[in-house]
Structure formats: structure tokens, C-alpha cells
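*Asks:* no sequence on this one, just coordinates:
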């Protein structure tokens with residue numbers, strides 16, 4: 001090998017760089033272990049809420065030593081920033097995809113117009129989006145074009161005052177569309193920046209936020225986040241801050257009486273009969289209110305739809321009109337928004353806006369306010385003027401948020417406070433249509449633009465509110481259309497199982513290589529260990545995220561990387577068999593194996609690249625590690641192994657590349673593989689027919705990734721019966737499924753209940769219903785807060801939750817289909833380009849389709865009785881593409897040898913050449929397949945429940961792929977060669993001789 005010195009220096013320097021990159025992870029982990037030990041010593045388990053208290057103690061410890069030097073100028077904060085990133089499944093946390101509402105953006109651009117054509121197009125776009133994969137704006141434009149004489153450049157739509165600089169009424173629809181698309185893109189970009197600012201201030205290390213194409217979707221990954229509901233609220237809050245003048249309670253006393261009387265005639269008697277338990281004092285207050293309108297006698301004798309819901313009226317002259325039970329607020333809203341009731345409002349109050357005060361889970365009543373609205377429904381002052389916001393405390397020590405406004409805001413604020421002072425009125429501070437406070441102003445106008453929001457905040461709520469106000473409001477609502485939440489306990493278990501499977505797989509491979517190749521196997525093992533160092537070093541250096549499928553990708557790389565060494569060693573053994581001396585055999589063995597190694601790794605790399613482009617989350621992690629592993633495997637096998645072998649052999653030492661047990665194994669085989677091809681065609685045909693039959697009758701167990709819904713992994717104290725659990729869930733949700741997931745005390749539950757509805761309120765409702773349905777199986781002292789996902793380390797309750805909306809499920813399914821079809825096309829073209837004959841491409845694609853159908857068939861036949869999860873999800877698609885890559889790896893190695901035999905033995909028939917090529921690669925094929933299977937079995941058994949189905953697909957795929965490369969791909973190639981030859985001869989016979 002030439003340039004050995006350069007290779008050696010590069011390898012040493014690269015290894016040192018990898019060790020340096022990984023040292024940050026080592027330092028950070030050691031300090032965090034110290035912090036955990038400190039917290040355990042400070043707070044014993046006997047203390048109530050010790051888990052949360054320990055987490056806070058750990059954080060205080062880490063904050064206190066964050067800037068202290070550990071070694072060579074490295075402190076904890078530096079090490080934490082540069083450590084190897086762990087993904088959601090290894091660290092716990094939350095992963096969400098937010099859908100920025102393009103509909104809201106369109107409404108905003110059109111100034112919330114009431115134009116019939118505009119709103120009709122929006123309604124049609126809403127309907128079409130349920131079954132279409134197109135972007136919302138395209139659906140809107142299509143729907144708008146279907147409306148006769150409708151113009152986007154209408155003054156009532158987009159040719160308005162706000163867009164007058166860019167759109168005028170003379171423009172055609174085609175002229176307006178690109179402007180609107182650009183505006184929408186700007187709004188989504190703005191939302192992305194707002195979310196990024198919020199996340200940066202949240203305090204989660206190694207967050208990931210990225211836009212997903214032009215769909216208006218934003219991916220947010222927060223590994224290590226534990227306060228899940230807080231995170232969801234932070235992400236979804238639009239932070240629409242507004243300042244409004246409010247009406248006083250006495251201004252609406254007559255209106256309430258009139259509204260109550262009208263409602264009596266509108267609401268059916270059976271739905272209005274309701275008794276509200278109140279104290280005598282409250283009853284007297286309501287009676288007094290009724291007397292003020294001279295209707296006491298009449299009203300008291302009847303049922304009162306509005307007053308029966310009222311807990312108490314507001315204080316005279318105060319901003320609270322009345323208080324109502326929280327559960328009745330929706331009903332009150334319905335009453336107050338009825339056209340018959342709104343018509344009772346005096347002319348000067350016809351634009352009034354009714355809103356509720358802030359409540360929390362411990363609040364039983366809500367306060368009703370009346371904001372002094374206007375025709376435009378715009379507040380006198382909005383949150384856009386806020387330049388800074390900080391969490392602070394008010395005069396009595398309550399948590400508050402202090403705000404500073406810009407010059408324009410300060411002037412308007414001075415005018416508003418001056419008016420409130422003169423009229424002895426109040427100003428409501430409204431955030432996302434909820435009144436946080438409505439203070440009065442008694443000291444005259446407030447200058448300087450400083451204000452304060454007070455309310456019943458926790459410190460965290462105050463910090464979050466200040467954070468979102470500083471970052472700014474979202475330009476449109478953001479709904480969580482897909483989410484995955486993993487509890488930290490499950491993440492730690494995944495790390496433990498991942499490390500165990502990794503260690504066992506590595507040890508087995510190291511032993512096998514020594515057993516089969518002797519001293520040469522030791523050199524391959526050293527190269528393999530160097531390869532693993534390179535992989536982890538590159539991952540750390542690139543800031544890539546290590547996931548559980550990523551660990552599986554590394555372990556799979558161990559099996560695949562052995563293949564390069566196997567190819568080299570087998571070729572060297574062949575050169576020995578030809579009678580060459582050791583030096584020449586080693587040189588020619590490396591040279592002759594290079595073509596097969598490159599072809600095999602390129603085909604696998606192409607499928608990994610497709611996964612990287614089309615996959616999401618953990619699948620990207622799998623693809624990333626696989627791609628890195630392929631690159632490092634090539635370097636270590638071709639160069640590092642060569643360095644050791646050349647160094648050993650140059651002193652004349654003998655190197656046999658075998659042991660006494662494996663010497664001559666599989667040598668001089670003479671099996672007539674092609675002679676038995678029809679038998680194997682029949683065998684494969686039967687398997688494919690069975691697979692197709694099962695796929696058409698039983699189908700597949702599609703996961704929430706493909707059909708939408710919510711999935712929860714729940715752990716119980718004792719073993720439970722999944723059938724009983726499923727019956728309880730069906731009674732609660734209407735439809736549900738429950739299966740054992742791993743150990744018998746852990747169940748995976750899936751439901752489509754309210755799958756079309758978004759929002760944290762729906763998530764909360766479903767988790768509470770789940771808690772109620774499982775009550776009899778849970779410990780009596782396990783409260784809902786301890787059951788819900790994500791709140792601290794725990795051993796019981798919801799360990800993981802996944803939610804996928806139906807629209808994004810369709811997108812995932814479509815992307816998966818394209819990924820598989822795209823991989824087949826890419827591979828077909830690569831093999832055609834590499835081997836120059838379509839017969840090779842056809843044989844490879846037929847073999848791959850054969851493998852995919854059989855893997856799908858096995859999953860279809862067995863998913864109902866297998867003791868582990870066999871859902872068809874994104875991980876399964878990753879497995880299918882990996883099977884495609886592995887099958888092609890095997891096939892290409894055989895093809896490469898066939899091409900070589902064609903060139904070396906031109907006098908042989910194609911049948912003899914192909915049989916000879918297959919026989920010469922049997923040792924390599926079986927060796928690589930057995931090594932890979934051992935690795936996969938180690939992960940399957942020890943790697944954790946969450947990737948067991950993924951590994952099962954790979955195991956089946958490796959077995960079937962090895963079979964098809966010998967018994968399907970090459971026979972199909974041979975038969976197509978024969979047909980081409982017969983066609984050519986027939987054509988020659990028909991042509992007249994000149």
C-alpha cells in the first residue's frame with residue numbers, strides 16, 4: 001500500500017480528535033453524576049415530592065459549578081454544549097410538529113373580511129384538506145378559482161389598506177397569488193423565529209427546531225424536557241397581548257335581566273331547569289339585582305336560564321359583571337352570543353366583547369368581563385409595543401410580570417390611563433382572550449410606558465409569560481398535529497438496554513472474527529474498535545443526535561463493516577489457493593476486493609441517504625449513524641486493517657487468514673445453483689402468494705404514524721390482562737386497542753378518540769379519561785398528577801405518549817411509499833450504470849421486491865400472536881429500506897464476481913460462469929450473514945421493547961435477502977440473459993444472408 005505514512009498520521013490525528021470530542025461527554029456525565037449524588041444526599045426519599053426536589057437540587061448544583069474549570073479550560077457549561085447529543089428516546093422529553101394556521105394568516109392578510117367568496121373558499125379548503133395532501137394555500141386558491149367572478153384583488157379581500165403597496169384592484173388572481181404565498185412564508189418564518197426565541201429562553205439543552213418544507217409545519221425537539229404541559233403551553237400560546245377599557249358591572253344589570261327574560265322563551269323548559277346552590281347572601285344579591293329592574297316577582301316565580309347559572313353578581317362599579325361556574329362558561333358564551341340577546345344591547349355598547357378572567361385547575365368559578373369593543377374589534381393598545389418583559393413581584397409579594405413599551409405604546413398608554421383615571425374606570429390586560437387583571441388607575445396618567453401584569457401566577461408561569469412577551473406573538477395559531485412524549489425513566493431504560501445490546505453484539509463479532517480468521521481476525525477487530533471510536537467521535541463533532549435506532553444503526557454497522565474485512569480476507573485466501581506468495585496474495589486480495597466493497601457500500605449508502613432525506617426524528621438518527629458507519633468502515637477496512645497486516649507480514653511472519661477449524665471451509669464447491677432455480681422459483685412463489693393472501697385478508701397492524709390517533713405506554717405495579725384493559729378503554733373511549741408491550745405489567749394503548757381535535761385541553765381530557773378507565777389497576781395512592789406523562793422520573797403511569805393527527809398521518813404514509821419506490825428506482829439506475837446491462841438491474845429489483853413482500857407477509861401473518869409490538873410505522877419503513885440495502889449488498893457482491901468470471905473465462909457458458917461465481921462467494925455470503933444475524937439477534941433480545949419489531953423485520957430481511965441474492969436475483973439475471981440470447985439468434989435466422 002502506498003502512502004502508508006500519510007494514512008498512519010491521518011488515522012492517529014483523527015482518533016485524537018474523536019477522543020477530544022468525546023471527552024466533553026465524559027466530563028459532563030461525571031459532573032451530572034456528582035450532582036445526582038449530591039441531590040440524593042440532601043433530600044431523602046421520605047420527603048414528600050422528593051423527585052421534584054431532587055431535580056431542583058441537581059439543577060442548583062450544576063448552576064453553581066457551571067463556570068468552574070474542570071480540566072484544560074473546560075468547564076461544565078462548555079462540556080454540556082459540546083457533549084454527544086442524546087435523542088428523545090434516550091433522554092426523555094418531547095417532540096412535536098406544530099402546524100401554523102395558514103387559514104389564520106389568510107384571514108389576517110384580508111383584514112378578517114366578511115367577503116362571502118373569501119369565506120366560502122376558506123370553508124371549501126377546510127373540507128378538502130381532510131383528504132388532500134396539498135398545502136392549505138393551494139387548496140384555498142383552487143376553491144377560490146371555482147367561484148364565478150371572484151377576485152383576490154378585491155378591496156374587500158387582499159387589495160386592502162394594509163397590502164395597498166403591493167396589491168391593487170387591477171391585478172389578476174395569478175398576479176396576487178405569488179404575493180400571498182410570499183406573505184404566508186414570511187409569517188411562518190416569523191413564527192419560527194418567535195418559537196426559537198421562546199425555546200432558547202426555556203433552558204433546555206440541545207433543543208432542535210426546524211421548518212418542514214413549505215407546509216407551514218415546524219418541528220420542535222426538546223430532549224430532557226420534563227414539564228410537558230408547560231412546554232406545550234409555551235409552544236402553542238399565541239401571546240396576543242391586548243389592553244382594553246372595560247365596562248362597569250352596574251352598566252349591564254338591566255341587560256342581564258332583559259337577556260334572562262328573552263332566554264326563557266328561547267330555551268326549552270327541560271334544558272333550562274337547573275338549580276344553583278348558593279349561600280343566602282348570594283341569593284340576596286341576585287334578588288337585589290332583579291329588583292333593580294322591577295321584575296323580581298315575575299322572575300322569582302320562573303326558571304332563569306342565565307341567573308340560575310350565576311354564582312354571584314359583580315361588585316357595584318367594579319369591572320367584573322358576574323361570576324359563573326367554570327364548567328358553565330361555554331353555556332353562558334352561547335347565551336350571550338345569540339343574536340336575540342345581542343340585539344338587546346344599547347347602541348353605544350353593540351360592539352361589546354365578553355371575555356373571561358384567568359382560571360386554574362383549582363378555580364371553581366370564572367369572572368365575566370365586558371370589554372369596550374369597536375367596529376374593527378381592535379384594542380386601543382396591543383402587545384406589539386412591548387420591548388421588554390421580566391418576571392418580578394408586586395407590592396404585596398405576588399408574582400407579576402413587568403413590561404416596558406416603546407415610544408408609541410407609551411403615548412397611547414398615557415392616554416388610556418388618563419381616561420381611566422378621569423372616569424374612575426379600569427383597564428383590562430388581556431392575553432389570548434383571557435383577562436389576567438383589570439386594575440383601576442387612581443393617580444392620573446401613567447407616563448414612561450411601564451406596566452405590570454398581576455395574577456395568581458407561579459414563578460414558572462411568570463417566567464414563561466415574560467418569555468413569550470419578549471419573543472413576541474405568533475402571527476397565527478399553532479396546533480400540535482404530532483407529538484411524542486417520553487418519560488425520563490423510559491429514556492434511561494433505553495440507554496441501559498442499548499448499551500447492553502451494543503456490548504454483547506460487539507463481543508460476539510470480535511470472538512467470531514478471531515475464531516474464523518485467526519490472527520487476521522485480531523487485526524480486523526482492532527480496525528472495528530477504531531471504527532466505533534470514529535463513529536462516536538464524528539457524531540459528537542457534528543452535533544448529531546444519538547437515538548435508540550441510531551444505536552441500532554451503529555450496531556448494524558458493526559455487522560456490515562465486518563463484511564468489508566470478510567471480502568478482503570476471502571479474496572486473499574483465494575489468491576493463496578492460486579499458489580501466490582503471501583505478499584502478492586495480500587496485495588491482490590485487497591485490490592480485487594475493492595470493487596465489491598465499494599459497490600456493496602454504495603448501494604447500502606443510497607438507501608440510507610433516502611432515509612435521511614425522507615425520514616423524521618429517530619429514523620434520521622438511524623440513517624445518520626448508518627451513513628457515518630459506512631464511510632468509516634470503508635476507511636478502517638481498506639486502510640487500518642491493511643496497515644496492521646502489512647506491518648505483521650513484512651518481517652516474513654506467516655499469516656494464514658484462517659484457523660485449523662475453518663481452513664479450506666467452503667473451498668472448491670461445485671453446487672449447480674442454476675439447475676435448481678425452478679424449484680426455488682416455486683418455493684418463493686408459494687411464499688409470495690401466502691404473503692399477498694394475508695395482506696389482502698388480514699392486512700397489517702398500522703400504527704398511529706399511518707392512521708392517526710393517540711398511543712400511550714402505561715406501566716402498572718403488577719401484571720395486567722390486556723383484554724380486560726381493552727374492554728375498559730372501549731367503554732371509556734368507544735374504540736381502543738391494548739397490547740402487552742415488553743413486560744407483562746406494561747401495556748401499549750391506542751385510540752382514535754377525538755383524533756380530529758387539537759389542543760392541550762383535549763390532550764388533558766383524554767389522559768384523565770385514561771386515568772379513570774385504569775383506576776382499578778393502579779395503586780390507590782397514585783394521583784392523576786403522578787400518572788400523567790413527563791412529570792419527573794417514575795416507575796408507574798404513562799411512560800410515553802404519541803399523538804399523530806390524521807392529516808400528518810396521511811403525509812407520513814405517502815412519504816413512506818415514495819421512500820420505498822424511490823429507493824428501488826435509485827438502485828435500479830445505479831446497478832444499470834455500474835454493470836451496463838439491464839439484466840443485472842432487473843434481477844436485483846425482482847429480488848428486492850421479493851424480500852419486501854415476504855417481510856410484509858410475515859408481519860401480516862404473525863402480528864396478532866407475536867409477544868412484541870409489530871406495528872407498521874416509520875421505524876418499520878426504515879427497516880424495509882435497510883433490508884433493501886442489505887439485500888442489494890449481497891446481490892452486488894455476487895454480480896461483481898459474475899462480471900469478473902465473464903471477463904476471466906470467456907469460453908465458459910453463462911451458466912457455468914454464474915454457478916462458479918456463486919460458489920466462490922458462498923463463504924463470504926454465509927460469513928457476513930451469520931455475523932449480521934448474530935448482531936441483530938443481540939439487539940432483538942437485549943435492545944429494549946421499542947425497537948424489537950424493528951429488529952425482527954431486519955432479521956427476517958437478512959435471512960430472506962441472503963436467500964434471494966443466490967436463488968432469485970442471479971437466476972432471474974441468467975434467464976433474462978438466455979431470453980435475450982434466444983431472441984438475438986431468432987432474429988439472425990430470420991434475416992436473409994447477403
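*Replies:* Arrived safely, thanks for sending. Keep in mind it's a predicted model, so treat the numbers as computed, not measured.
*Asks:* What is the neighbour count of residue 613?
*Replies:* If you count neighbours by other CB atoms under 10 Å, residue 613 ends up with 12. For glycine as for every other residue, the C-beta is placed from the backbone atoms N, C-alpha and C.
*Asks:* List the residues that contact residue 241.
*Replies:* 382-383, 386, 429-431, 469, 473 (CB atoms under 8 Å, 6 or more residues apart in numbering).
*Asks:* Taking those residues together, which two end up most distant?
*Replies:* Spatially, the most separated pair among the contacts of residue 241 is 429 and 473, at 14.4 Å (CB to CB).
*Asks:* What's the first helix or strand after whichever strand or helix holds residue 847?
*Replies:* Residue 847 is part of helix 838-862, with elements assigned from DSSP states H and E. Next helix or strand after helix 838-862 toward the C-terminus (DSSP H and E): helix 874-904.
*Asks:* what angle sits between that following helix and helix 838-862?
*Replies:* Helix 874-904 and helix 838-862 are oriented at 150 degrees to each other (axes from the mean of the first three to the mean of the last three CA atoms, to 10 degrees).
*Asks:* Direction included, what does whatever helix or strand residue 750 lives in pair against?
*Replies:* Using DSSP H and E, residue 750 sits within strand 746-751. Strand 746-751 has the following strand partners under DSSP bridges: strand 709-715 (antiparallel), strand 737-740 (antiparallel).
*Asks:* Residues touching the last one, excluding its own?
*Replies:* Residues from elsewhere that reach strand 737-740 (CB under 8 Å, 6+ apart): 722-723, 725-726, 729, 746-751, 867, 869.
*Asks:* buried ones in that strand?
*Replies:* 737-740 (16 or more other CB atoms under 10 Å).
*Asks:* now swap in the longest one and tell me
*Replies:* Using 16+ other CB under 10 Å as the burial criterion, the residues of strand 709-715 that qualify are 709-715.
*Asks:* most surrounded residue in the contacts of residue 241?
*Replies:* Highest count within these by other CB under 10 Å belongs to residue 430, 26 neighbours.
*Asks:* now the nearest residue to that one once chain neighbours are set aside, what's its secondary structure?
*Replies:* Nearest residue to residue 430, sequence neighbours excluded (CB to CB, 6 or more residues apart in numbering): residue 242, at 4.5 Å. At residue 242, secondary structure determined by DSSP: H, G, I helix; E, B strand; the rest coil is strand.
*Asks:* got a pLDDT number for residue 242?
*Replies:* At residue 242, the model reports a pLDDT of 86.
*Asks:* likewise the one 5 residues further on?
*Replies:* As summarised for this prediction, residue 247 has a pLDDT of 93.
*Asks:* residues in contact with it?
*Replies:* Contacts of residue 247 by CB under 8 Å, 6+ apart are 319, 321, 349, 352, 370-372.
*Asks:* count of residues packed around residue 466?
*Replies:* 22.
*Asks:* Compute the distance between it and residue 460, please.
*Replies:* Shown here: residue 466 relative to residue 460, a distance of 11 Å by CB to CB, to the nearest Å.
*Asks:* show me the biggest helix of the chain in terms of residues.
*Replies:* helix 4-42 (DSSP state H).
*Asks:* Give the rounded mean pLDDT of that helix.
*Replies:* The model assigns helix 4-42 a mean pLDDT of 90.
*Asks:* how about the next helix or strand after it: buried residues?
*Replies:* Using DSSP H and E, the helix or strand that directly follows helix 4-42 along the chain is helix 50-65. The neighbour-count check on helix 50-65 (16+ other CB under 10 Å) flags 50-51, 54-55, 57-58, 61-62 as buried.
*Asks:* With stretch 970-982 instead?
*Replies:* Result for stretch 970-982 [16+ other CB under 10 Å]: buried residues 970-977.
*Asks:* Nearest to residue 440, out of these: which one, please.
*Replies:* Set against residue 440, the nearest of the buried residues of stretch 970-982 by CB to CB is residue 972 (85.8 Å).
*Asks:* residue contacts, that closest one?
*Replies:* 842-843, 846-847.
*Asks:* What is the nearest of the residues you listed to residue 567?
*Replies:* residue 847 (19.5 Å).
*Asks:* May I ask which helix or strand encompasses the nearest residue to residue 930 once chain neighbours are set aside?
*Replies:* Excluding its sequence neighbours, the residue lying closest to residue 930 (CB to CB, 6+ apart) is residue 512, at 7.7 Å. Counting by DSSP H and E, the element that carries residue 512 is helix 488-517.
*Asks:* still on that earlier bit, just the closest of the buried residues of strand 709-715 to residue 90, please.
*Replies:* Looking across these and measuring by CB to CB, the closest to residue 90 is residue 713, at 15.5 Å.
*Asks:* Report the separation between that closest one and residue 742.
*Replies:* For residue 713, the distance to residue 742 - CB to CB - is 9 Å.
*Asks:* Of the buried residues of strand 709-715, just say which sits nearest to residue 531.
*Replies:* Using CB to CB, residue 713 comes nearest to residue 531 of the buried residues of strand 709-715, at 34.1 Å.
*Asks:* what's the spacing between the closest one and residue 388?
*Replies:* 43 Å.
*Asks:* So residue 392: helix, strand or coil?
*Replies:* strand.
*Asks:* Quick one: neighbours of it, just the number.
*Replies:* Residues near residue 392, counting by other CB under 10 Å: 14.
*Asks:* can you give me the strands in the stretch 251-400 of the chain?
*Replies:* Here the stretch 251-400 of the chain has its strands, by DSSP state E, counting those that start in this stretch, at 312-313, 322-325, 353-357, 365-371, 381-382, 386-393, 399-405.
*Asks:* of the ones you listed, which approaches residue 906 most closely?
*Replies:* That would be strand 386-393 among the strands of the stretch 251-400 of the chain, by CB to CB, at 81.6 Å.
*Asks:* and that closest one, average pLDDT?
*Replies:* Strand 386-393 comes out at a mean pLDDT of 83.
*Asks:* What is it packed up against?
*Replies:* Contacts defined by 3 or more CB pairs under 8 Å, 6 or more residues apart in numbering; DSSP states H and E place strand 386-393 against strand 399-405, helix 459-471.
*Asks:* Which one of those has the poorest average confidence?
*Replies:* Taking the mean pLDDT of those, helix 459-471 comes last: a mean of 74.
*Asks:* what angle do it and strand 386-393 make?
*Replies:* Going by the same axes, to 10 degrees, helix 459-471 makes 170 degrees with strand 386-393.
*Asks:* Which positions in helix 459-471 come out as buried?
*Replies:* Those would be 461-471, for helix 459-471 by 16+ other CB under 10 Å.
*Asks:* Throw those residues into CSV and include distance to residue 648, thanks.
*Replies:* Compiled in CSV, those are given as follows (distance: CB to CB, whole Å):
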residue, distance to residue 648
461, 67
462, 68
463, 63
464, 63
465, 68
466, 66
467, 62
468, 65
469, 68
470, 64
471, 62
